[in-house]
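[1] Structure for the following, please:
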Amino acid sequence: MSDKLTIASNENAVDQAAVDEEGFQTEHMILNMGPSHPAMHGTIKITAELDGETIVRSDVHVGYLHRGFEKECENSNYFQCFPYVDRLNYVSPMINNVAFAGVVEKALGVEVTERTKWIRVLISELSRLSDHLTCVGASAMELGAMSAFLYMIKAREYIWELHEAISGARLTVSYCRIGGLMRDLPDGFVPWCRANLAKIREVVLESQKLLAKNRIYFDRMRGVATITKEEAISYGFTGPMLRACGVEYDVRKATPYLVYDEIDFDVPVGEFGDNYDRFYVRMLEMEQSIRIIEQVLDRMPEGPINLYDPRFQLPPKDEVYNTIEGLVNHFKLIMHGIQIPKCEAYFAVEGGNGELGFYLVSDGTGRPYKVRCRPPSFIQMGAMSRLLEGQSIADVVPTFGMINMIGGECDR
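    Numbering: from 1, shown residues only. Predicted structure coming up:
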């Protein structure tokens with residue numbers, strides 16, 4: 001029997017026969033990892049060429065999810081797009097809502113009320129906390145740190161309780177509206193949010209103590225999948241992946257939107273651009289998000305949450321049911337859509353994984369002519385092969401985890 005193991009792939013294996021120091025003939029092995037592998041989310045396949053346990057090169061396939069999100073939006077009116085954008089990065093759906101509402105409002109040339117701006121910052125930072133807790137917790141679990149995962153999912157539950165109180169849903173929230181929000185914050189929300197923030201901060205600090213100086217976790221992360229800041233910029237990195245390389249770029253600071261320019265917060269950066277820095281930057285960003293939310297709760301003004309403009313905002317239900325004007329306005333907006341003048345617009349926010357932007361083209365009808373999303377997960381997956389080069393097969397899981405690929409964003 002041959003002592004050589006070869007796992008066939010769909011691609012033709014390259015003949016890499018060689019002779020080692022002891023005179024034995026060796027060859028590289030082709031290993032398929034995913035899409036059924038539990039760490040690959042059911043949508044990613046990595047074809048890795050191995051020299052022993054070292055990855056010589058790899059081919060990463062991200063195209064196992066085909067929903068046609070952008071085309072669905074182009075066949076819907078502007079109101080109907082919000083449930084679709086919820087399902088991009090479904091761990092931080094509120095940020096998706098804010099980004100899409102922002103690009104439509106930019107195309108319309110309108111600005112939302114002050115209270116709406118502050119509430120949108122609040123829900124964005126709650127979503128960022130949810131995103132980072134899920135990323136770090138799940139990645140720790142995949143390396144065997146089960147306790148940290150359970151603690152962080154407990155903290156995420158506090159956030160999703162707030163999501164449910166705000167929007168009526170935990171995950172697919174559809175909370176933002178063009179020109180405003182679905183509804184105002186519920187009674188008693190501010191003290192409830194403060195209490196949950198205190199519990200979340202406690203979990204974050206506890207998890208940081210568990211992981212940051214854990215010998216096993218540190219050794220599995222430090223010096224793994226290192227990339228220089230020049231390479232990161234050339235690949236189009238943004239968010240924690242870029243900041244881990246020492247580049248202090250954050251959309252909230254570089255091109256402030258909503259009221260981020262009125263809020264005091266820091267942008268954590270790393271030094272080595274490896275998996276450990278990606279982990280630690282996210283840990284520090286969670287503290288900054290809590291700082292931002294606390295400032296919002298202290299300074300959020302009273303006032304309306306919607307512009308109540310009949311050109312693009314649905315009338316309240318009591319007007320629809322009890323007045324002919326409300327009924328006609330509702331009918332025209334639903335059947336004909338918002339009449340945005342012919343234009344192009346791009347609006348970007350700082351998502352959980354980096355710059356999340358929407359490019360919109362209007363042809364003057366009630367449906368967008370073109371919707372294009374700039375999803376940070378999809379952009380950063382383009383560097384996966386580069387990050388894995390020279391690493392061990394065991395390093396695939398933590399590297400993939402720190403990219404924090406969300407399948408909904410890679411829908412192409």
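
[2] So for stretch 333-347, first residue to last residue, what's the gap.
    23 Å (Cα to Cα, to the nearest Å).

[3] same check, this time on stretch 184-194
    End to end - Cα to Cα - stretch 184-194 spans 17 Å.

[4] quick one: average confidence on that stretch?
    Stretch 184-194 shows an average pLDDT of 96 in the prediction.

[5] which parts of it are buried?
    184-185, 192-193 (16 or more other Cβ atoms under 10 Å). Just so you know, the C-beta spots here come from the backbone N, C-alpha and C atoms, and that holds for glycine as well.

[6] which of these lies closest to Asp131?
    Closest approach between the buried residues of stretch 184-194 and Asp131, by Cβ to Cβ: Cys193, at 17.7 Å.

[7] My reading is that the closest one is in a strand; is that accurate?
    No. Counting by DSSP: H, G, I helix; E, B strand; the rest coil, Cys193 is not found in a strand; it is helix.

[8] residues contacting it?
    Going by Cβ atoms under 8 Å, 6 or more residues apart in numbering, Cys193 touches 122, 162, 293, 297.

[9] again with Phe189
    162, 165-166.

[10] Just send the buried residues of stretch 184-194 back as a markdown table, with distance to Gly303 too.
    A markdown table is the format used below for the buried residues of stretch 184-194 (distance: Cβ to Cβ, whole Å):
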| residue | distance to Gly303 |
| --- | --- |
| Asp184 | 10 |
| Leu185 | 12 |
| Trp192 | 21 |
| Cys193 | 19 |
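
[11] nearest to Lys209, of those residues?
    Among the buried residues of stretch 184-194, Cys193 lies closest to Lys209 (Cβ to Cβ), at 24.8 Å.

[12] just to revisit the earlier point, including distance to Met152 and secondary structure, could the contacts of Phe189 go into CSV?
    Shown next, in CSV, are the contacts of Phe189 (distance: Cβ to Cβ, whole Å; DSSP: H, G, I helix; E, B strand; the rest coil):
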residue, distance to Met152, secondary structure
Leu162, 16, helix
Ala165, 21, helix
Ile166, 21, helix
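
[13] List buried residues within those residues.
    162, 166.

[14] Closest to Glu319 out of the contacts of Phe189?
    Ile166 (23.4 Å).

[15] from memory the closest one sits against Asp184, does it?
    No. Contact criterion Cβ atoms under 8 Å: Ile166 and Asp184 do not qualify, at 9.2 Å.

[16] Tell me how many other residues surround the nearest residue to Ile233 once chain neighbours are set aside.
    Using Cβ to Cβ, 6 or more residues apart in numbering and skipping the chain neighbours, the partner closest in space to Ile233 is Val247 (6.8 Å). Each residue near Val247 was counted by other Cβ atoms under 10 Å, and the total is 19.

[17] now swap in Gln208 and tell me
    The burial count for Gln208: 18, using other Cβ under 10 Å.

[18] ok, now Ser377?
    Ser377 has 24 nearby residues by other Cβ under 10 Å.

[19] got the contact list for the helix or strand harbouring it?
    Per DSSP states H and E, Ser377 falls inside helix 376-381. Residues from elsewhere that reach helix 376-381 (Cβ under 8 Å, 6+ apart): 44, 60, 62, 89, 235-239, 241, 351, 353-356, 403-406, 409-410, 412.

[20] Need the contacts of Phe189 in TSV (columns: pLDDT and distance to Asn32).
    Below are those laid out as TSV (pLDDT from 0 to 100; distance: Cβ to Cβ, whole Å):
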residue	pLDDT	distance to Asn32
Leu162	96	41
Ala165	95	44
Ile166	95	43
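
[21] which one among the contacts of Phe189 gets closest to Leu314?
    For these, the nearest to Leu314 is Ile166 (18.8 Å; Cβ to Cβ).

[22] For the closest one, which residues are in contact?
    Applying Cβ under 8 Å, 6+ apart, the residues contacting Ile166 are 123, 173, 175, 185-186, 189.

[23] Give the residue spans of the stretch 201-350 of the chain that score low on pLDDT.
    Of all residues in the stretch 201-350 of the chain, none has pLDDT under 70.

[24] Can you show me the strands along the protein?
    Listed in chain order, the strands of the chain (DSSP state E) span 18-19, 25-26, 29-33, 45-51, 54-61, 176-177, 180-181, 343-351, 354-362, 370-374.

[25] now the angle between strand 29-33 and the fourth one, please.
    With axes from the mean of the first three to the mean of the last three Cα atoms, to 10 degrees as the criterion, the two stretches strand 45-51 and strand 29-33 enclose an angle of 150 degrees.

[26] what lines up beside strand 45-51 in the sheet?
    Counting by DSSP bridges, the strands paired with strand 45-51 are strand 29-33 (antiparallel), strand 54-61 (antiparallel).

[27] isn't Pro186 right up against Ser167?
    No. Counting by Cβ under 8 Å, Pro186 stays clear of Ser167, with 10.1 Å between them.

[28] What is the neighbour count of Pro368?
    So Pro368, with other Cβ under 10 Å, has 26 neighbours.

[29] what does the one 4 residues further on give?
    Residues near Arg372, counting by other Cβ under 10 Å, number 14.

[30] and if you look at Phe312?
    20.

[31] nearest to Val259, of the strands of the chain?
    Closest among those, using Cβ to Cβ: strand 343-351, at 12.9 Å.
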